[in-house]
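Undergrad: here is my input; please provide its structure:
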Amino acid sequence: MTEEHRVTDPRELRALAHPLRMRLLDELMIGGPATATELAGVVGESPANCSWHLRQLARYGYVEETGEGRGRNRPWRIVVRSTVYGHSDDSPDAARIGDELSQLRLDRELATLRAWQAGRTAEPPEWQDAAFLGSGFAWLTVEELTEFSRTIVELMLRHADRVADPTRRPADARPVSIVSWAVPSRPAPPQP
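TA: Next comes the predicted model:
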């Protein structure tokens with residue numbers, strides 16, 4: 001099982017809530033280990049800028065050097081863990097920055113969905129049929145919602161080992177964006 005990392009430090013949340021850092025993390029998840037120079041070519045930034053942002057991500061344990069290479073030829077890799085934030089006991093700063101991070105992530109995921117929908121018919125039929133967008137509704141207790149959440153996270157992390165280690169990816173595997181949420185659809189009723 002992938003390690004769960006609870007984030008409550010506003011500085012760490014701020015480090016994650018940066019569009020370029022999100023892109024760097026995505027590229028390391030999809031492409032595997034890469035140098036700052038290689039990543040710069042993919043994201044359209046300078047190697048020095050990518051290197052600085054990678055060091056910021058490393059400061060909080062989201063990436064690490066592979067231990068190979070020297071100088072500018074040092075590859076970085078993602079550290080796979082389940083990052084959770086947005087708890088009821090967060091400080092006001094952490095809550096605000098966590099909300100900003102969630103909005104950035106949601107915007108990125110919606111862009112991915114829109115891109116899929118725009119090009120879906122050009123995809124192989126088996127990929128068109130395997131992909132899905134679903135929604136549902138249920139009446140749940142807080143305990144049931146907690147269990148539902150845990151089950152979804154477990155499913156999402158089932159193949160997490162393939163993120164950090166590209167050699168574990170089946171030849172016909174593609175990167176797949178997995179998004180879920182389960183939130184109450186109405187405010188809590190006033191308590192008497």
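Undergrad: which stretches of this protein form helices?
TA: With helices called from DSSP state H, the chain shows them at 10-16, 19-31, 36-43, 47-59, 92-119, 125-130, 142-156, 161-164.
Undergrad: least confident of these, on average?
TA: Ranked by mean pLDDT, these bottom out at helix 161-164, with a mean of 88.
Undergrad: quick one: buried residues of that one?
TA: 162-164 (16 or more other C-beta atoms under 10 Å). Quick note: C-beta positions are derived from backbone N, CA and C, even for glycine.
Undergrad: using TSV, please lay out those residues together with distance to Ile152.
TA: Shown next, in TSV, are these (distance: C-beta to C-beta, whole Å):
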residue	distance to Ile152
Arg162	18
Val163	17
Ala164	21
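Undergrad: out of those, who's nearest Ala111?
TA: Distance ranking of those against Ala111, using C-beta to C-beta, places Val163 first at 20.3 Å.
Undergrad: quick check: the gap between the closest one and Trp181.
TA: 21 Å (C-beta to C-beta, to the nearest Å).
Undergrad: please apply the same query to Ser82.
TA: Distance, Ser82 to Trp181, by C-beta to C-beta: 15 Å.
Undergrad: quick one, which of these two is more surrounded?
TA: Higher neighbour count among Ser82 and Trp181: Ser82, with 15 against 8, using other C-beta atoms under 10 Å.
Undergrad: what's across from the more buried one in the sheet?
TA: Taking DSSP bridges as the rule, Ser82 bridges to Glu4.
Undergrad: picking up where we left off before, select, out of the helices of the chain, the one closest to Glu4.
TA: For Glu4, the closest of the helices of the chain is helix 142-156, at 8.5 Å, according to C-beta to C-beta.
Undergrad: in that closest one, what's buried?
TA: For helix 142-156, a neighbour-count test (16+ other C-beta under 10 Å) marks Val153 as buried.
Undergrad: any idea how far that helix is from the chain center?
TA: Here helix 142-156 is found 18 Å from its chain centre; the criterion is C-alpha atoms, centre = their mean, to the nearest Å.
Undergrad: who's in contact with that helix?
TA: Outside helix 142-156, the residues that touch it by C-beta atoms under 8 Å, 6 or more residues apart in numbering are 1, 82, 140, 178, 180, 182.
Undergrad: I am finished for the moment; much appreciated.
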